[in-house]
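Asker: I'll drop the sequence and a predicted model, then ask my questions.
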Amino acid sequence: MTKVTYTSHAGDVRVVDGADGDSVMQTAVRNGVDGIVGECGGVLSCATCHVFVDEADFQRLPPRSDLEDEMLEGTAVDRKRCSRLSCQIQLSAAFGPISVTTPEYQE
């Protein structure tokens, strides 16, 4: 299990245990975390799972794919340097815990 800390745009914090191999988006949807919609189910065809990754965690992630980078151009809330689509962040014990913040809205 990998701990994921979700912080809402309003500052509410929720920590959830996620299964290794699952994405940050899947973990949020399965646990009813507000702020992550995941409308496309994680197939990289929408941007409703946009999150801002904690700076230290962001540095440890593999780089975005070109398609993810392109999808981030269509987010409801402007992207930042540490923006990622949470469907593209896979959990693993080797990576360790991760912290993300959800934008004010997704759609």
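Answerer: Received, thanks. These numbers come from a predicted model, not from an experiment.

Asker: Work out which residue lies at the spatial centre of this structure.
Answerer: Ser86 (2.6 Å; CA atoms, centre = their mean).

Asker: wait, doesn't that residue sit right on Ser23?
Answerer: Yes. Taking contacts as CB atoms under 8 Å, Ser86 lies within contact range of Ser23: 6.3 Å. The way it works is simple: take the backbone N, C-alpha and C, and place the C-beta from them, glycine included.

Asker: hmm, what's the outermost residue in the protein?
Answerer: Of all residues in the chain (CA atoms, centre = their mean), Ala94 lies farthest out, 17.8 Å.

Asker: any idea how far Gln59 is from it?
Answerer: 15 Å (CB to CB, to the nearest Å).

Asker: Can you show me the strands along this structure?
Answerer: 2-7, 13-18, 50-53, 83-85, 98-101 (DSSP state E).

Asker: if we compare these, which one ends up closest to Val77?
Answerer: Between Val77 and those, the tightest spacing by CB to CB is seen for strand 50-53, at 6.9 Å.

Asker: Against Cys82, how distant is Gly18?
Answerer: From Gly18 to Cys82 the distance is 19 Å (CB to CB).

Asker: actually Asp69, not the one I wrote
Answerer: From Asp69 over to Cys82 (counting by CB to CB), the distance is 13 Å.

Asker: Could you list the residues in contact with stretch 60-68?
Answerer: Leu44, Val53, Leu72, Arg84, Leu85, Gln88, Ile89, Phe95 (CB atoms under 8 Å, 6 or more residues apart in numbering).

Asker: Counting neighbours, which of these end up buried?
Answerer: Buried members of those, counted by 16 or more other CB atoms under 10 Å: Leu44, Val53, Leu72, Arg84, Leu85, Gln88, Ile89.

Asker: which one of the residues you listed sits closest to Asn31?
Answerer: Ile89 (15.3 Å).

Asker: Who are the contact partners of the closest one?
Answerer: Taking CB under 8 Å, 6+ apart as the test, what Ile89 contacts is Ser23, Val24, Met25, Val51, Val53, Leu61, Ile98, Val100.
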